[in-house]
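Chemist: Only the shape, not the letters, is given here:
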């Protein structure tokens, strides 16, 4: 693999590890009781402020003219990839755990593929090939893993004595029935958020073509629109001005960390990688976030680990690997066909050149 091809892989690995830690910390902040959409609004505002100088210094000469239609498309981008997505995803995260959130997030490639088929971005004829069948099987296995995560929590695998705070919190605030109901609702909310993220990835692939060479400007515009959208969505839960005054130092730190790392950096990297490699390739890095979130949540935040989360995560990653197997087979077939076509064209060209040479030798002097 060439150095240019390694660049998207390296930056996506770093971004995925960072996103795992972000979701674990965000869960901790949401447990304090902050309105999740106020949290999202601050996060998006910080992202916009961070990106303004970058977009002005590095893209002021290359930035295309911003038309009304492009503004509308960035508004939709903010709605799909930030405000509505965070509305459901953060709500689901507050009801479940970072491990479950990232495990369901591992379905991103399969959901993106399914939506690409629905919107005819992917060719349905490819499903009849071996690669298409593998991708379809991988998608179904991912769905099975998501069902495990949603409907089966299981017993606590980690040692109860190592997680006294988490257990005390669960036993004192939730009875078994309410906790199971919240868990189920949380998984549904998370899944909805991931579907919206998949739609954003497909939409962003089209937008990056219309608004090229502007990864900072595009993300900044998206963040500005999303900050206002999140502020409006926060009204459904509370309209008190006091809720916007954050005093908890942990929550302030997490907002800054999530805004800079989890939103500004991550969205810029993701948009750039989508433009270079495509939405499906970028979505395949979601299991890295799962491992990062699980380790961060379990080892540092000392949260309990459940059997259902482990089984569901393993099944989801297995489905993802099958899906990637099919994707790799499809890529190999495309490369093979391209090489065959190239060789055929070269042979025809050589034959034509030989025929011309023969004709030239037969001409009378």
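Modeler: Cool, the structure landed. All values derive from a computational prediction rather than experimental measurement. Numbering: from 1, shown residues only.
Chemist: Name the nearest residue to residue 29, ignoring sequence neighbours.
Modeler: Distances taken as CB to CB, 6 or more residues apart in numbering place residue 254 nearest to residue 29, at 4.1 Å, with adjacent residues excluded. C-betas here are computed from N, CA, C, even on glycine.
Chemist: With adjacent residues omitted, what lies nearest to residue 313?
Modeler: Closest residue in space to residue 313, ignoring its immediate chain neighbours: residue 103 at 4.3 Å, by CB to CB, 6+ apart.
Chemist: likewise residue 30?
Modeler: Per CB to CB, 6+ apart, closest to residue 30 is residue 94, 4.3 Å.
Chemist: which residues does the residue nearest to residue 243 when sequence neighbours are not counted contact?
Modeler: Once flanking residues are discounted, residue 243 sits nearest to residue 35: 5.3 Å by CB to CB, 6+ apart. Contacts for residue 35 were tallied using CB atoms under 8 Å, 6 or more residues apart in numbering; they are 234, 237-238, 243.
Chemist: Whichever of those end up buried, select them in ChimeraX.
Modeler: Applying 16 or more other CB atoms under 10 Å to the contacts of residue 35, the buried members can be selected in ChimeraX as follows:
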select :234
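Chemist: Would you convert the contacts of residue 35 into JSON lines that also reports secondary structure, pLDDT and distance to residue 313?
Modeler: Written out in JSON lines, the entries for the contacts of residue 35 read as follows (DSSP: H, G, I helix; E, B strand; the rest coil; pLDDT from 0 to 100; distance: CB to CB, whole Å):
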{"residue": "234", "secondary structure": "helix", "pLDDT": "90", "distance to residue 313": "31"}
{"residue": "237", "secondary structure": "coil", "pLDDT": "80", "distance to residue 313": "30"}
{"residue": "238", "secondary structure": "coil", "pLDDT": "79", "distance to residue 313": "34"}
{"residue": "243", "secondary structure": "helix", "pLDDT": "87", "distance to residue 313": "34"}
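Chemist: and which of the contacts of residue 35 is nearest residue 48?
Modeler: Using CB to CB, residue 234 is the member of the contacts of residue 35 that lies nearest residue 48, at 16.8 Å.
Chemist: my read: the closest one touches residue 43, true?
Modeler: No. The pair residue 234 / residue 43 is not scored as a contact, 11.9 Å apart, by CB atoms under 8 Å.
Chemist: sorry, back to before: my reading is that the residue nearest to residue 29 lies in a helix. Confirm?
Modeler: Yes. With DSSP: H, G, I helix; E, B strand; the rest coil as the criterion, residue 254 is located in a helix.
Chemist: measure it to residue 12 for me?
Modeler: Per CB to CB, to the nearest Å, residue 254 is found 23 Å from residue 12.
Chemist: Between the two, which has more neighbouring residues?
Modeler: Neighbour comparison, residue 254 and residue 12: the larger count goes to residue 254, with 26 against 23 (by other CB atoms under 10 Å).
Chemist: so who does the more buried one touch?
Modeler: If you count contacts by CB under 8 Å, 6+ apart, residue 254 has them with 25-26, 28-29.
Chemist: need those in a markdown table with secondary structure and neighbour count, can you?
Modeler: Listed next are these as a markdown table, based on DSSP: H, G, I helix; E, B strand; the rest coil; neighbours: other CB atoms under 10 Å:
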| residue | secondary structure | neighbour count |
| --- | --- | --- |
| 25 | helix | 25 |
| 26 | helix | 28 |
| 28 | helix | 17 |
| 29 | helix | 23 |
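Chemist: and residue 76, how many residues sit next to it?
Modeler: Tallying neighbours of residue 76 according to other CB under 10 Å, which is how burial is gauged here, yields 15.
Chemist: thought it was touching residue 203?
Modeler: Yes. Using CB under 8 Å as the test, residue 76 is close enough to residue 203 to be in contact (6.8 Å).
Chemist: so the closest residue to residue 93 other than its chain neighbours, which of the three states?
Modeler: Residue nearest to residue 93 in three dimensions, not counting chain neighbours: residue 101, with 4.9 Å by CB to CB, 6+ apart. Per three-state DSSP, the secondary structure class of residue 101 is helix.
Chemist: how close does residue 101 sit to residue 292?
Modeler: Remark: distance between residue 101 and residue 292 (CB to CB) = 12 Å.
Chemist: More neighbours: which of these two?
Modeler: Set side by side, residue 101 and residue 292 give different neighbour counts by other CB under 10 Å, the larger being at residue 101 (31 against 22).
Chemist: right, and the helix or strand after the lowest-mean-pLDDT helix or strand in the chain?
Modeler: Taking all helices and strands of the chain together, the one with the lowest average confidence (mean pLDDT, DSSP states H and E) is helix 164-173, at a mean of 46. Next helix or strand after helix 164-173 toward the C-terminus (DSSP states H and E): helix 176-210.
Chemist: Pull out the buried positions in that next one.
Modeler: For helix 176-210, a neighbour-count test (16+ other CB under 10 Å) marks 183, 186-187, 189-205, 207-208 as buried.
Chemist: same deal with stretch 58-75?
Modeler: Applying 16+ other CB under 10 Å to stretch 58-75 flags 59, 63, 70, 73-75 as buried.
Chemist: same deal with stretch 226-245?
Modeler: Neighbour-count burial for stretch 226-245, counted by 16+ other CB under 10 Å, picks out 226-227, 229-231, 233-234.
Chemist: Filter the residues you listed down to just the ones in helices.
Modeler: 226-227, 229-231, 233 (DSSP state H).
Chemist: Now tell me what touches stretch 232-247 from outside.
Modeler: Counting by CB under 8 Å, 6+ apart, the neighbours of stretch 232-247 from elsewhere in the structure are 34-38, 40-42, 83-84, 87, 252, 255.
Chemist: Looking at those residues, which one is closest to residue 134?
Modeler: The shortest separation between residue 134 and any of these is 31.9 Å, and it belongs to residue 84 (by CB to CB).
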